[in-house]
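>>> Prediction below, plus the sequence it came from.
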Amino acid sequence: MRDPVAPTTTDSDADAGEAPPVVGVLPPLRAAMVDDASSISEIARALGLPSWRRAAVASWLASPTGFGVVATGGPRPGEGDAENLVGFVLGSIVLDEACLLLLAVLGPFQRQGVGAALLGAFEARARDLGATSAYLEVAVDNGPARSLYETKGYEREAIRRRYYADGRDALVLRHIFASTTIAR
Ligand SMILES: CC(C)(COP(=O)(O)OP(=O)(O)OC[C@H]1O[C@@H](n2cnc3c(N)ncnc32)[C@H](O)[C@@H]1OP(=O)(O)O)[C@@H](O)C(=O)NCCC(=O)NCCS
């Protein structure tokens, strides 16, 4: 998880995390749009990551190198076609290297495969955009995230001492994508 860059505007005060758990069914995934920035920011805030403000998320998604994937939980009751997002992943790509900025799943939807599905979608999109590897930073004491990444082939590359504002260290993990080229 990285700290977002230069949030500049005030966010909505709406709360996130009210959706009931969905058990046994993976929510549909789709590409994130700039219009998802408020919902993404609300999820981040619900998970104790308040610095991911709407403007910062919108800025990532609008940038030429930024991309994201969201997990949707169906329409909000009484709100027409507005979707309930239950998780997201944000990434960026420069040349052949992708960076996973933040992956998050709302509490009631965790441990049901949503995080792994979002990570897979992030990698698929990164490969489509030309990436041959992806890296990320994760707090040394973030057991759930480390477990997910390590299970999916991310290996320790470096440690960034006191990387986070609270003084915690970050690990840099990298996953080199398997080549899909068929030898002749
Ligand atoms: C990390 C996070 C995205 C995982 O999402 P998730 O939907 O619960 O993940 P999944 O259900 O797909 O779990 C996949 C694997 O991750 C690991 N994992 C996930 N949560 C775990 C937990 N609480 N404890 C231990 N391992 C865990 C397990 O290996 C799990 O496989 P298993 O369920 O077969 O044992 C979620 O815990 C989260 O949003 N955390 C807060 C935000 C955060 O810290 N993001 C990472 C920073 S980049």
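Nice, thanks for sending it over.
>>> where's the closest residue to residue 172 other than its chain neighbours relative to residue 84, distance?
In this structure, residue 172 finds its nearest non-sequential neighbour in residue 158, 4.2 Å apart by C-beta to C-beta, 6 or more residues apart in numbering. The way it works is simple: take the backbone N, C-alpha and C, and place the C-beta from them, glycine included. If you measure residue 158 against residue 84 using C-beta to C-beta, to the nearest Å, the figure is 37 Å.
>>> So for the two, which sits in the more crowded spot?
The residue with the greater number of neighbours, taking residue 158 and residue 84 and applying other C-beta atoms under 10 Å, is residue 84; the counts read 20 against 11.
>>> Which pLDDT value goes with the more buried one?
Confidence at residue 84, expressed as pLDDT, is 90.
>>> so where does it fall, helix or strand?
Per DSSP states H and E: residue 84 is located in strand 83-94.
>>> got the contact list for the longest helix anywhere in the chain?
The single longest helix within the chain, with elements called by DSSP state H, is helix 114-128. When contacts are defined by C-beta atoms under 8 Å, 6 or more residues apart in numbering, helix 114-128 is touched by residues 26-27, 29, 31, 67, 69, 71, 86-89, 91, 93, 98, 100, 103, 105, 134, 148-149, 151-152, 175, 177.
>>> Filter those residues down to just the buried residues.
When burial is judged by neighbour count using 16 or more other C-beta atoms under 10 Å, the buried members of the contacts of helix 114-128 are 27, 29, 67, 69, 71, 86-89, 91, 93, 98, 100, 103, 105, 134, 148-149, 175, 177.
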